[in-house]
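[1] Below are the sequence and a predicted model; questions follow.
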Amino acid sequence: MSWDYIFTVLPPMLKGAQTTILMFLAVIVLSVPLGFGVTLLMRSRVKPLAWLAHTYVYVMRGTPLLLQVLFFCFGLPLLPVIGEYLVFDRFISAAIAFVLNYAAYFAEIFRGGLLSIDKGQQEAAQVLGLSKWQTMTKVIVPQMIRVVLPTTANEAITLVKDTALLYAVAVPELLYFAQTAVNRDMRLVPFFLAAIVYLLMTLVLTIAFKALEKRYSFK
């Protein structure tokens, strides 16, 4: 293994890693609040809204993420009447698929977190005169965060690895440049370098979530 070769193939791979990180950040920032909103809709007393939310979660969790990415990248423009208005950059199309998919998973995670909280907490908050908004933001959500953090960390790490699916729609991310180098040079070194970069990204996430878990843990 030549260091000169590593320094030749690594820069474009790191450029691809920027796309990977950008996708990760976009999905986390958008899917977490969307997932929480879907969770609230699933618990809504308005039956049609609750049914729609449950159906959305079922569809997004019950079909492969790769299929969803392909649909949003190549299927949306084929829809009758409105298809011509749904032609986006492939990164944007893939990001929409990722956000909708992960929002469904986060919705289930948050729903489980809310169900784990004793109903007596809400009753106690009402006795203290807290409004529904204050109860949710100061009592329920902080406890939910403590419960769901480990599962959320697992989903975040999975998301880092799932970004490799961008390769299927020719978005130039980390794996795209690694595969290009392997095909060109017939050497496995780029795959090992890509694995190291993925491991470093997941290591950073693991450390960050461990710190969050420690912060929100009971004293």
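    That came through, no problem.
[2] from here on, contacts and neighbour counts on C-alpha atoms
    Noted.
[3] and the residue of the chain most remote from its centre, what pLDDT?
    Here the chain reaches farthest from its C-alpha mean at residue 127, the gap being 37.6 Å by CA atoms, centre = their mean. If you check residue 127, the pLDDT there is 70.
[4] Same question for residue 2.
    Residue 2 carries a pLDDT value of 82.
[5] Then residue 12?
    93.
[6] residue contacts, it?
    Counting by CA atoms under 8 Å, 6 or more residues apart in numbering, residue 12 touches residue 177.
[7] Distance check, it against residue 181.
    Per CA to CA, to the nearest Å, residue 12 is found 9 Å from residue 181.
[8] ok, now residue 131?
    As judged by CA to CA, residue 131 and residue 181 stand 59 Å apart.
[9] now do residue 20
    17 Å.
[10] Name the residue in the two with the higher neighbour count.
    Taking neighbours as other CA atoms under 10 Å, residue 20 and residue 181 compare with residue 20 leading, 25 against 21.
[11] How about that one: what's its closest non-neighbour residue?
    Of all residues not flanking residue 20 in the chain, residue 173 sits nearest, at 5.6 Å (CA to CA, 6 or more residues apart in numbering).
[12] shouldn't residue 146 be in contact with residue 216?
    Yes. With contact defined as CA atoms under 8 Å, residue 146 reaches residue 216; the gap is 5.5 Å.
[13] Please say which of those two ends up with more neighbours.
    residue 146 (17 against 14).
[14] Now do the phi/psi pair for the residue nearest to residue 20.
    Phi and psi for residue 173, reported as degrees, to the nearest 10, are phi -110, psi -170.
[15] tell me which residues in the lowest-mean-pLDDT helix or strand in the chain are buried?
    Least confident helix or strand of the chain, by mean pLDDT, DSSP states H and E, is helix 119-127 with a mean of 72. Neighbour-count burial for helix 119-127, counted by 16 or more other CA atoms under 10 Å, picks out 122, 125.
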